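> Give the three-dimensional model of this entry:
(2 chains)
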Protein chains: 2
Amino acid sequence: MEGNQSNIAVASPSGVSSVPAGQELAMQTLGNSSQPPAPHTPSAPLQQSRNSIRLLSGILAVNILLLGSALVCGAAFSKVKVLSDEEMHIYLTILLILTTAWMIFYMVHTASQTQAVLYKDSHAGPIWLRGGLVLFGVASLIMDIFKIGYSTGQLNCESPVKVTFPLVQLVFVVVQTYFLWVHSKDCVQKESNITGCGLMLTLATNLMLWMSAVADESLHQTGVEALKPNGSFSHLRDGSMFFKAGGSECECTHSACGIFEKGFYYLYPFNIEYSLFASAMTYVMWKNIGREIDDCSHHKISFRAKGIVFGVIAGLLVVIAGLGVFIVYEVEVTGDESKKRVLIMYYIFSIVGLILMSLVSLAGSIIYRFDKRTVVSTKNPTRSLDVALLLGAALGQFLISYFSIVAIVAEKNTRTISILNLTCSCLIILQLCLQNVFIIEGLHKQPYHAEPPVVCVVFINEGTSRSNPYSPSLRNDNDEPSPAENSLELSSHSHGFRSTTHSSSSRMSWKRRALKEISMFLLLCNVIFWIIPAFGARPQFDNGLEEWVYGFSMWVAIVNIGLPFGIFYRMHSVASLFEVYLTS
Amino acid sequence: MEGNQSNIAVASPSGVSSVPAGQELAMQTLGNSSQPPAPHTPSAPLQQSRNSIRLLSGILAVNILLLGSALVCGAAFSKVKVLSDEEMHIYLTILLILTTAWMIFYMVHTASQTQAVLYKDSHAGPIWLRGGLVLFGVASLIMDIFKIGYSTGQLNCESPVKVTFPLVQLVFVVVQTYFLWVHSKDCVQKESNITGCGLMLTLATNLMLWMSAVADESLHQTGVEALKPNGSFSHLRDGSMFFKAGGSECECTHSACGIFEKGFYYLYPFNIEYSLFASAMTYVMWKNIGREIDDCSHHKISFRAKGIVFGVIAGLLVVIAGLGVFIVYEVEVTGDESKKRVLIMYYIFSIVGLILMSLVSLAGSIIYRFDKRTVVSTKNPTRSLDVALLLGAALGQFLISYFSIVAIVAEKNTRTISILNLTCSCLIILQLCLQNVFIIEGLHKQPYHAEPPVVCVVFINEGTSRSNPYSPSLRNDNDEPSPAENSLELSSHSHGFRSTTHSSSSRMSWKRRALKEISMFLLLCNVIFWIIPAFGARPQFDNGLEEWVYGFSMWVAIVNIGLPFGIFYRMHSVASLFEVYLTS
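Residues are numbered from 1 along each chain as shown, chains lettered A, B, ... in the order given. Modelled structure (predicted):
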């Protein structure tokens, strides 16, 4: 029914031998690759091969993930114990070995060839993502050591898979962290079929690890809850898939088992976070396969905090207050009497913080309306991906908030804590929406003070010309330093020309200053809203209401899925706000 | 950190008044709109406004869906009955009213303006999708009438929401079916902010209806199972959200209640399918907002079955065999004794059919390797969306198959039925993968015999020129009629030229014929593999194994999520194979 006949043919025609001259040239350029071809215009065969790589590797990943989900669901939720955790751990071990082997193959073979990786995507794998990966990777390593220690104590009665799995995972974490640290910016051009499938295998393995960790952690928490004297959920299946909390008959042969078991509980969230980070980076690498990037488009913008006072001070005040609240929370939350008090304190702090952040984000969005800067209109896959990750990660926090709201409204509970919780949940949704709009608008604006890539020639109809191209701008401070002046402008009625650049040291307009203050304030606030959940505050469980409405096992699953995404979101938004700060 | 300074500025610069001449022209063209601007090159402000519409409407839809999921989960799975179905039905009713109001507003106000809809996407809302929508819409209407009838009998003891909801849904289905039938091809240019939010509201409402229907249907089936004398799941919560199967104290005041209740059971799947169809069409409309389409690129290709014998005969044989199996299955499956026999018959038929389809798809993909036709390289959002829907819908069938495989392998069951079921599940996965690859490759090829859009001028170095531009091709039948000859080709060493077109009535090469036979065979096979599940065969439940491994409620949820997507997939692939047939 379709097909655009009017476009120029590209593949070699059979009957007539003449290939368009321009096309031949492009193909030769691609073959020799000494000179990069024009960016963002992949030819038809290239586009076709990219599509077929995506299709094949996508089908591979989907199959791995669906088979894995069936195993996880079967092991975790099956009523009859036909499916044990052993099958799942064997499956995960095989995946880990295959992925590790592929990564080593990639590093030794593909990346060593000069032809294989012609371009580097300077926006992929930013330092916060790689730093976070290493941080969470170290925590995962410690967790694996704990697991190995725990399992060796049970070797007499448990399957050897229980020792093999953490051992293989340990090697996997080391190899993968190195692999992503070094190669996350690669845009692979050669052998991209194998690379595509390899990257999708890596992505699927990380998502499988994430899925099994979430299921395992949820079952573990449910099991612990069932053991509590006043726990009303004793009918639920107890123990996690990896180690049984209670119900197991297998006795540990050494005394350190208890410590190892406690270690798990604290390190699991970091491992979940590690899988998410690795997945995000692998996905970006996969999207970059066969991409050709214009290296010239990247500008170094230096960090300069001079003159930004209000944002920093207000932000630091929120951070210090938050740290105080967090410490008091962690110390006092164990007591039944003090729990209510610290929860009220926590909610009031959150509400004040969220209101401030919402107002400030709104103000920022309003300032953008009066901002005359150009929107970056060129297609930038990394930028789109960044925005998609930001929006996707926000869903986790949304999920928890909406479930809280429904539970509180349905229960018609009018206790102070419930009302504070309700307000807080509503404000989280509002704040995330406003902040996302602010960040995304900011990321799509042209930076204010990038180094001009060309000598800026502005034609004006004055007839006089000032010749020094590097003289500082003589403009008034209130004028917007438009980026349009950084690019070549043509006017049909020009009588002369003058060259001008404007120095980045010129004093800022109030709009720029306000945007910088706002992004710095939001950045610091996001840091504290990252620290509090990342280091163990769980008002979602301490508060007890949602748990009662939805049942413990369901609420645990929701929080365990939503919270790691929420933590990822805060880290990501800190990085994005830093970028908005720099480009404002 | 980023921003491409080298692209030409577009927004109005503040300091200097000169706007590039070309840009001004483009803006004027957009404003007057008498002549459509160049397709596929949206300007920066247009791109920005499209992005902001997508962001805002996307956030709206996510919020509606998450709030809805919390309500559905709370009502369906909550242990304590804090959340009732009433809240959920009130929420759904509000959504339905808002969506209906918006659709009426759209039809009356937006679509009546000549400026609002400048382009129509000829690929959006194809006839099979609109036809399916009307078919399933009619079934949904009957279901709603049954619901109203049932609820009026319980008005004395049940909430009035139970009557209001199906009444509002009835109006909604009528309005939406008309709306999508008439406007599914629209590419809205004006007031796109309201339209974007409205379409996302429609999409979210349809997904909410789908979600609540799946949950409701699963609970209903679980409730019915719990009432069975030998049902081992009596501890599960009984009854659906909409009507209680058994456990309710509310007595119906008229005698037709029983008939109405049975009617639900048969009509639910059609209603679920209706929501999926409407969601797909709304999503395509949403993606088309602000899109500018080149109308000229569409070619009429006429259907011609002449000469295609093997594919039709083999396909019809499979269809007839399938219909026989289906009828015997439906008649005999109720008896305990005959159940095993008909299941074996069903599985053997499926295995033979799937093997044939897999082999044929594979052969088709191999033929494509030798096919010299050009790949359509122009960006086509509807085509990409079509492919995404095809791949996405296949996930449903994958989900069921993988869960079956894991259950059978874990149980280590060696009964004939289990082994046949295992073989069948593996083959389904293989067949879907191969068929997807075949269809997608076929869709991306240039059509063979489209009417040439330009007079085809081929420069050759013979020195002689044949002048008649409409003379039939003099080529040998074995030569591939390359589409490159349909477009303008340039050769730097040409001494003369000859014009040539090739008639579509020329005899086909064996490759073309084979591709046509293959697509026709696959088309007919997909029809029968659509009919069998669509009209009620459920070997997934009759077989009893997975139900035992995963528990009835979990297996019901998996099948209720996966099967409607599987049915959607078969219909979609029939339509896609028809297109592949036409363009081969």
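> Could you use CA atoms for every contact and neighbour count after this?
Fine.
> which helix in chain A runs the most residues?
When chain A is parsed with DSSP state H, its longest helix is helix A:192-227.
> what's the next secondary structure element after it?
Note on helix A:192-227: by DSSP states H and E, the next helix or strand toward the C-terminus is helix A:257-287.
> does any part of the longest helix of chain A sit near chain B?
No. Using C-alpha under 8 Å from any C-alpha of the partner chain, we find that helix A:192-227 stays clear of chain B, coming within 14.9 Å at best.
> what comes up buried for that helix?
Buried residues in helix A:192-227, counted by 16 or more other C-alpha atoms under 10 Å in any protein chain shown: A:192-193, A:195-227.
> do the same with stretch A:406-419
Using 16+ other C-alpha under 10 Å as the test for burial, stretch A:406-419 gives A:406, A:407, A:408, A:410, A:411, A:417, A:418, A:419.
> Report the mean confidence score over the helix or strand containing the third one.
Under the assignment given by DSSP H and E, the secondary-structure element containing residue A:408 is helix A:381-411. Predicted confidence along helix A:381-411 averages 87 (mean pLDDT).
> which stretches of the stretch 401-550 of chain A form strands?
Under the criterion DSSP state E, counting those that start in this stretch, the stretch 401-550 of chain A contains strands at A:457-458, A:498-499.
> Can you tell me which of those strands has the worst average pLDDT?
strand A:457-458 has the lowest average pLDDT among these, namely a mean of 34.
> How is the residue nearest to residue A:325 when sequence neighbours are not counted assigned, secondary-structure-wise?
Spatially, and ignoring its direct neighbours in sequence, residue A:325 is nearest to residue A:346 (6.4 Å; C-alpha to C-alpha, 6 or more residues apart in numbering or on different chains). Secondary structure, DSSP: H, G, I helix; E, B strand; the rest coil: residue A:346 is helix.
> Flag the shaky bits of the stretch 51-200 of chain A, pLDDT-wise.
Scanning the stretch 51-200 of chain A with the threshold set as pLDDT under 70 gives A:79-82, A:111.
> What segments of it are helices?
With helices called from DSSP state H, counting those that start in this stretch, the stretch 51-200 of chain A shows them at A:85-105, A:127-152, A:161-183, A:192-227.
> Name the residue of the stretch 401-550 of chain A with the shortest distance to chain B.
Shortest the stretch 401-550 of chain A-to-chain B distance, computed as C-alpha to the nearest C-alpha: residue-wise this is residue A:550, at 4.6 Å.
> check contacts around the closest residue to that residue other than its chain neighbours.
The shortest distance from residue A:550 to any non-neighbouring residue, by C-alpha to C-alpha, 6+ apart, is to residue B:78 (4.6 Å). Residue B:78 makes contact with A:549, A:550, A:551, according to C-alpha atoms under 8 Å, 6 or more residues apart in numbering or on different chains.
> Please list all residues in contact with the residue in the stretch 101-250 of chain A that chain B sits nearest to.
Residue of the stretch 101-250 of chain A nearest chain B, by C-alpha to the nearest C-alpha: residue A:123 (8.0 Å). Taking C-alpha under 8 Å, 6+ apart, we find residue A:123 in contact with A:185, A:382.
> Next, it: phi, psi?
phi -90, psi -20 (degrees, to the nearest 10).
> Which residue ranges of the stretch 301-450 of chain A form helices?
A:310-332, A:336-369, A:381-411, A:416-443.
> Give me the buried positions along the first one.
Residues of helix A:310-332 classed as buried: A:311-312, A:314-316, A:318-319, A:322-323, A:325-326, A:329-330, A:332 (neighbour count, 16+ other C-alpha under 10 Å).
> so which pair among those is furthest apart in space?
Greatest spatial distance in those: A:311 and A:332, 31.3 Å, computed using C-alpha to C-alpha.
> Skipping adjacent residues, who's closest to residue A:285 in space?
Leaving aside its sequence neighbours, residue A:285 is closest to residue A:184 (6.1 Å, by C-alpha to C-alpha, 6+ apart).
> Report how many residues lie close to the one you found.
For residue A:184, the neighbour count with other C-alpha atoms under 10 Å in any protein chain shown is 25.
> what's the pLDDT at residue A:202?
Among the per-residue scores, residue A:202 holds a pLDDT of 96.
> who's in contact with it?
Shown in contact with residue A:202 (C-alpha under 8 Å, 6+ apart): A:99, A:279, A:282.
> what about the first one, distance to chain B?
Yep, that's residue A:99 we're talking about. Residue A:99 sits 22 Å away from chain B, going by C-alpha to the nearest C-alpha, to the nearest Å.
> Next, count neighbours for that residue.
The tally of other residues near residue A:99 (other C-alpha under 10 Å) stands at 24.
> The helix holding residue A:408 and chain B in contact?
Yes. Using C-alpha under 8 Å from any C-alpha, helix A:381-411 comes into contact with chain B via A:398, A:399, A:402, A:403, A:406, A:407, A:410, A:411.
> burial of the first one, as a residue count?
For residue A:398, the number of neighbouring residues by other C-alpha under 10 Å comes to 26.
> ok, and the closest non-adjacent residue to it?
Using C-alpha to C-alpha, 6+ apart, the closest residue to residue A:398 is residue A:429 (6.1 Å).
> same thing with the third one?
The spatially closest residue to residue A:402, leaving aside those adjacent along the chain, is residue B:67, at 5.4 Å (C-alpha to C-alpha, 6+ apart).
> So the one you found sits against residue A:404, correct?
No. Contact criterion C-alpha atoms under 8 Å: residue B:67 and residue A:404 do not qualify, at 10.0 Å.
> of those two, who's got more company?
residue A:404 (27 against 20).
> which residues does that one contact?
For residue A:404, the contacting residues are A:421, A:422, A:425, A:546, by C-alpha under 8 Å, 6+ apart.
> do the same with residue A:90
Residue A:90 neighbours (C-alpha under 8 Å, 6+ apart): A:161, A:165.
> With the one 10 residues further on instead?
Neighbour list for residue A:100: A:171, A:172, A:175, A:176 [criterion: C-alpha under 8 Å, 6+ apart].
> Give me the buried subset of the residues you listed.
Neighbour-count burial (16+ other C-alpha under 10 Å) applied to the contacts of residue A:100 gives A:172, A:175, A:176.
> Residue A:509: how many residues sit nearby?
Residue A:509, neighbours per other C-alpha under 10 Å, totals 14.
> And residue A:337, by the same measure?
Residue A:337, neighbours per other C-alpha under 10 Å, totals 10.
> Kindly report the same for the one 3 residues further on.
The local packing of residue A:340 (other C-alpha under 10 Å) involves 17 other residues.
> residues contacting the closest residue to it other than its chain neighbours?
Ranked by C-alpha to C-alpha, 6+ apart and with sequence neighbours excluded, the top spatial neighbour of residue A:340 is residue A:417, at 7.6 Å. Neighbour list for residue A:417: A:340, A:343, A:344, A:543 [criterion: C-alpha under 8 Å, 6+ apart].
> Tell me the one of those nearest chain B?
For these, the nearest to chain B is residue A:543 (17.2 Å; C-alpha to the nearest C-alpha).
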